[in-house]
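Peer 1: Structure of the sequence below:
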Amino acid sequence: MNRCLSVSLLTLCLSLMPARSAEPGFPWFAAATVQPLATDAAVNAIRHGGNAIDAAVAAGLTLGVVDGHNSGIGGGCFLVIRAADGAITCIDGREMAPSKASRDMYVIDGKLNQEASKTGALASGIPGALRAYDLALKKHGKLKLADLLLPAAEIAEKGFLIDAVYARKIAGMVSQLKLCPATAAIFFKADGTPLKQGDLLVQKDLAKTYRAIAGHGIEWFYEGEYAQKTEAWMKANGGIITAADFAGYKAVEREPVRANYRGYDIVAMPPPSSGGVHVAEILNILEQFPIRHFRASSRVHLITEAMKLAFADRAYWLGDPDFAKVPRGLVDPEYAKVLAGKIDLDHATPVPAHGMPPHWEGDIFGKHTTHLSTADAEGNWVALNQTINTAFGSKVIIPGTGVLLNDEMDDFAVQPGVPNAFKLIGAEANSIAPGKRPLSSMSPTLVFKDGQPILTAGAAGGPTIITQTLLLISNVIDQGMEPTEALKQPRFHQQWTPDELKIETTFDAETLQRVEAFGHKLERSSGFGACQCVMWDAQRKLLVPAHDPRVPGKADGL
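Peer 2: Modelled structure (predicted):
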């Protein structure tokens, strides 16, 4: 799961903010997203009486219009919600494999076809975003889904100007986008040339779809016309998704992953997200070391070694908990001590295989990339990740709908041990099965201090989502940084296989040389990912939103 856009939004009423001249009782709101129109949608939800949950869904739906190459209703999402009464809700809106999916479905004519899981009729799982939005609003929102769909529909119908990022994404996918006529009709001009920066992107079919859902409810999408159109197209184009698959999709509530790091409580999304488990696992390892006293190169080395150990566990143990036994012992502090003992502070150490967490046979997680973060004065906090996987998902738009379908089937282990689009490998725990949800790196996370939420965090960028979220939390807690400073820090990422350290060249040359001297193979990068957050500054009694300086964005508020 990559290219899921990262966004942060935050709401807070006047009673918690520094005094300013404003209409009495009007809620204060701050937002930071990579798309100004999405920020505006969140603000407008607050203006119309909504809360943090409404604002998050409004931004998510709008991003499906103005940043559709990253996410949309043709994909899925995870939400971690801290409600005003203190209750925690985790909503799993991850895509689901069709009922006709099979473990070896990409072995075609005796050969593994790795492109089929990324592009075309066999690449998509059943979308879950709308079901998850609807469940979140019904449990904790104040507005109706229709209230949030209609403004986004208007943007789709009137069009918006393509920015540099969107134009670059289209240019990078020209050949794939031309494979589906309904997709090409949207992203190419009449003369066959792709839309460029400054061009108007109009999506009238998507506007009609949004309005149909607003008028008839999500049943129109999951049990009505959209599902029927999708089945017909799939039958004609070699796909396996049916209308019954759509009707059978359910958003699932799950128990969160919980951990404690240096006196702070971490609450995160459980499997089929691998993010929550492995952010917690890595933090547990780091807690065994006085990391704040380490020089930069030693800190990079230590965290890299912890990343390797966690990603080795990810490859073997992680999958949909409805199908695979995912051990809770992965986040056990005692297991972290065992893993920490494997780290050589002076040299990079090979990690030949996964570890064996305690009680792995019996104590398991229960059955049952855009990032947005919101919070309001009533005490509602939300961390939301959403995605359609790689850029433009499967590149398929069902004619007449305007909805880009995901390519999340590539997040399964299409064959155990075979790397996916992001070079991640998986084992049987993440193999394909009917009705199963693929493993995800999305890491929506809330951080608490003394029982009160103080940070919402998440990121975009495939498996680097996990490490970006981890580094942000460490920068805030270990280094005492404010969000803007924390997000400016150079990043690095190690996912066990391939055995290389992706590292930003904004580190100074001496640090890079020292890190290399530990024995790490460096893959230098000018910059990667997109991490956003909002933090409560208890000392100054104010909220501090921040967006990633590596990507365009807009911070705004009321």
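Peer 1: burial count for the nearest residue to residue 78 once chain neighbours are set aside?
Peer 2: Distances taken as Cβ to Cβ, 6 or more residues apart in numbering place residue 269 nearest to residue 78, at 4.6 Å, with adjacent residues excluded. Bear in mind the C-beta positions are built from the backbone N, C-alpha and C, glycine included. Number of residues near residue 269 (other Cβ atoms under 10 Å) recorded here: 31.
Peer 1: ok, now which ones touch residue 172?
Peer 2: With contact taken as Cβ atoms under 8 Å, 6 or more residues apart in numbering, residue 172 is in contact with residue 391.
Peer 1: how near is it to residue 553?
Peer 2: Using Cβ to Cβ, to the nearest Å, residue 172 is found at 21 Å from residue 553.
Peer 1: next one: residue 61
Peer 2: Per Cβ to Cβ, residue 61 is found 19 Å from residue 553.
Peer 1: Among these two, which residue is more densely surrounded?
Peer 2: More neighbours surround residue 61 than the other of residue 61 and residue 553, with 29 against 22 (other Cβ under 10 Å).
Peer 1: Assign that one to helix, strand or coil.
Peer 2: Residue 61 falls in the helix class when you classify it by DSSP: H, G, I helix; E, B strand; the rest coil.
Peer 1: Show the pLDDT at it.
Peer 2: For residue 61, the pLDDT comes out at 96.
Peer 1: Quick check: the gap between it and residue 176.
Peer 2: Taking Cβ to Cβ, one finds residue 61 at 25 Å from residue 176.
Peer 1: And residue 461, by the same measure?
Peer 2: Counting by Cβ to Cβ, the separation of residue 461 from residue 176 is 20 Å.
Peer 1: Show me which of the two is the more surrounded one.
Peer 2: Ranked by neighbour count (other Cβ under 10 Å), residue 461 and residue 176 place residue 461 first, with 27 against 18.
Peer 1: domain assignment for the chain?
Peer 2: Domain ranges of the chain: 8-74+81-253+372-390, 256-368+443-557, per automatic domain parsing.
Peer 1: so residue 287 sits right up against residue 262, yeah?
Peer 2: Yes: if you go by Cβ atoms under 8 Å, residue 287 and residue 262 touch, sitting 6.3 Å apart.
Peer 1: Show me which of these two is the more surrounded one.
Peer 2: More crowded of residue 287 and residue 262, by other Cβ under 10 Å: residue 287, with 18 against 12.
Peer 1: For the more buried one, give me its contacts.
Peer 2: By Cβ under 8 Å, 6+ apart, the neighbours of residue 287 are 261-262, 333, 336.
Peer 1: let's go with 7 Å and repeat that
Peer 2: Counting by Cβ atoms under 7 Å, 6 or more residues apart in numbering, residue 287 touches 261-262.
Peer 1: And it, what's its pLDDT?
Peer 2: The model's pLDDT for residue 287 equals 97.
Peer 1: distance of the residue nearest to residue 49 when sequence neighbours are not counted from residue 59?
Peer 2: Spatial nearest neighbour of residue 49, chain neighbours left out: residue 142 (5.9 Å); criterion: Cβ to Cβ, 6+ apart. Residue 142 sits 16 Å away from residue 59, going by Cβ to Cβ.
Peer 1: For the two, indicate the residue with more neighbours.
Peer 2: residue 59 (32 against 17).
Peer 1: Of the domains of the chain, which is nearest residue 429?
Peer 2: domain 256-368+443-557 (3.4 Å; Cβ to Cβ).
Peer 1: Packing partners of the strand or helix carrying residue 384?
Peer 2: Element membership for residue 384, per DSSP states H and E: strand 381-387. Packing partners of strand 381-387 (3 or more Cβ pairs under 7 Å, 6 or more residues apart in numbering; DSSP states H and E): helix 52-66, strand 76-82, strand 370-375, strand 445-449, strand 452-460.
Peer 1: highest average neighbour count across these?
Peer 2: Mean neighbour count (mean count of other Cβ atoms under 10 Å) peaks for strand 370-375 among the helices and strands packed on strand 381-387, with a mean of 33.
Peer 1: For it, give the mean pLDDT please.
Peer 2: Here the average pLDDT along strand 370-375 is 70.
Peer 1: Spell out which helix or strand contains residue 303, please.
Peer 2: Going by DSSP H and E, residue 303 is in helix 296-317.
Peer 1: Mind checking what helix or strand follows that helix in sequence?
Peer 2: Sequence order places helix 333-340 as the next helix or strand after helix 296-317, per DSSP H and E.
Peer 1: For that following helix, give the mean pLDDT please.
Peer 2: Rounded mean pLDDT across helix 333-340 is 95.
Peer 1: chain center to it, what's the gap?
Peer 2: 27 Å (Cα atoms, centre = their mean, to the nearest Å).
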